[in-house]
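>>> I'd like to go over a predicted model; first the sequence, then the structure.
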Amino acid sequence: MSIDLSVVICTHNRYDILDHAIASIEVQNFDHARYELIIVDNSTDLKRQEIFLSSVDIGCQSRVIVEAVPGLSRARNIGARAAQGSIVAYMDDDARAPLDWVAEIVSTFGRHESAAAVGGPVVPIWPVPRPAWLHKWQEGLLTILDRGPTERDLDPGEWLAGTNISFRRDRLIEAGLFEERLGRIGKTLLSNEELMVTNKLRAGGYKIVYNPRIAMEHNVHLDRVSQKWIRQRIFWQVVSDMLADSACEQTFDEAVENVLKFQAELEPKFRGYASLFVDVESADVFARQLSAFEGFVRLLAVDARDWREYLNVQQ
């Protein structure tokens, strides 16, 4: 019997929670002869890796591929090349797939012949109560995704999360796989690799389909429930946009105006560079601060002019 789908989990030093991801795939409501699990182990903790490899016992067809060279995109590409299924489904090592996840992916591709990629919502598993300062539009920075209750083709500009995205394997290879300059590498927070692939697929005339029944649960790690981490994520998003050759959404003057507009809302004594880095309580204020911070980073990154003179707000 041929394999319909290959699940690929790329892991990096997360053996404490990897078992949960594996277990969620072992118990899928789908014929075990028709899907497989591929784990691409990119870990640097060689001692724990050795323990894992010597004791791993997975209750479905599976393989573990050890890859010493770091990089999430590289690991994903290795998984895609090794896959036997006509569909390659990606999930993170800190995620949990519902029982019907594989079945929903296969049936969705069956209903949409022109679809090259499908995915669905990502539901957060919070380690603490959801912070009041987190604005709705910032949820994507924490890999939280909800595009509504309707199965539909996604519009250009709409994206799927990397922890819940699947591809027709031949179309993914045709698109050149994932750009290995992008994606998580070590502690860097580079992104955009999925967006680049889906943009190429759209350019080739294929559809990207969202199905709300293809859900995924995903851990929000405690160290990411902070405004400092969100600002780091925005910084790396600007770098990712540059590496992906994305057009800058703001001109130099627009970015300056964005920063000054936020600072003008503050009391004079709080104006200055530091206002972009301090934690705030209000979700609306944090949203405006983050927008200003993004403009500030773009000024640093893409314009050689002396932006400092524009940011010297008079006390």
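Cool, the structure landed.
>>> for this structure, which segments count as strands?
Per DSSP state E, the chain has strands spanning 5-11, 35-41, 62-66, 87-92, 95-96, 115-119, 122-125, 152-153, 165-168, 207-210, 216-219. These are given in chain order.
>>> now render those as CSV, adding mean pLDDT, distance to residue 138 and mean neighbour count.
Yep, even glycine has a C-beta here, placed from its N, CA and C like the rest. Putting the strands of the chain into CSV (pLDDT from 0 to 100; distance: least, C-beta to C-beta, whole Å; neighbours: other C-beta atoms under 10 Å) gives the following:
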stretch, mean pLDDT, distance to residue 138, mean neighbour count
strand 5-11, 96, 25, 26
strand 35-41, 95, 30, 23
strand 62-66, 92, 35, 15
strand 87-92, 96, 19, 26
strand 95-96, 96, 20, 22
strand 115-119, 97, 20, 26
strand 122-125, 96, 12, 17
strand 152-153, 96, 24, 14
strand 165-168, 96, 21, 26
strand 207-210, 96, 20, 22
strand 216-219, 95, 16, 22
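>>> for the ones you listed, which one sits closest to residue 231?
Among those, the nearest to residue 231 by C-beta to C-beta is strand 122-125 (19.4 Å).
>>> wait, what's in contact with residue 79?
Residue 79 sits next to 6, 8, 10, 38, 40, 65, 88, 90 when contact means C-beta atoms under 8 Å, 6 or more residues apart in numbering.
>>> JSON lines for the residues you listed, including distance to residue 227?
JSON lines is the format used below for the contacts of residue 79 (distance: C-beta to C-beta, whole Å):
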{"residue": "6", "distance to residue 227": "38"}
{"residue": "8", "distance to residue 227": "33"}
{"residue": "10", "distance to residue 227": "28"}
{"residue": "38", "distance to residue 227": "37"}
{"residue": "40", "distance to residue 227": "32"}
{"residue": "65", "distance to residue 227": "37"}
{"residue": "88", "distance to residue 227": "35"}
{"residue": "90", "distance to residue 227": "29"}
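>>> residue 228: which of those is nearest?
When those are compared for distance to residue 228 (C-beta to C-beta), residue 10 comes out closest, at 25.9 Å.
>>> with adjacent residues omitted, what lies nearest to that closest one?
residue 75 (3.9 Å; C-beta to C-beta, 6 or more residues apart in numbering).
>>> now do the contacts for that neighbour.
Contacts of residue 75 (C-beta under 8 Å, 6+ apart): 10, 40, 42, 67.
>>> looking at the strands of the chain, which is nearest to residue 137?
strand 122-125 (15.0 Å).
>>> which other helices and strands contact the closest one?
Judged by 3 or more C-beta pairs under 8 Å, 6 or more residues apart in numbering; DSSP states H and E, strand 122-125 is in contact with strand 216-219.
>>> let me see the domain layout of the chain.
For the chain, automatic domain parsing gives the domain ranges 5-224, 247-311.
>>> if we compare the ones you listed, which one ends up closest to residue 235?
domain 247-311 (5.4 Å).
>>> rounded mean pLDDT for that closest one, please.
Across domain 247-311, the average pLDDT comes to 64.
>>> just the contacts of residue 75 now: which is nearest residue 203?
For these, the nearest to residue 203 is residue 10 (25.7 Å; C-beta to C-beta).
>>> endpoints of stretch 168-184, how far apart?
23 Å (C-alpha to C-alpha, to the nearest Å).
>>> what do you get for stretch 107-119?
12 Å.
>>> which residues sit against that stretch?
87, 105, 151, 153, 160-161, 164-168, 171-172, 175, 197-198, 201, 204-211, 214.
>>> which residue packs closest to residue 151, ignoring adjacent ones?
Per C-beta to C-beta, 6+ apart, closest to residue 151 is residue 211, 4.7 Å.
>>> tell me how far that neighbour lies from residue 148.
Plainly put, residue 211 is 11 Å away from residue 148 if you go by C-beta to C-beta, to the nearest Å.
>>> the two: which is more packed in?
residue 211 (22 against 9; other C-beta atoms under 10 Å).
>>> chain center to the longest helix along the chain: distance?
Longest helix in the chain, counting residues (DSSP state H): helix 283-302. A distance of 20 Å separates the centroid of the chain from that of helix 283-302, by C-alpha atoms, centre = their mean, to the nearest Å.
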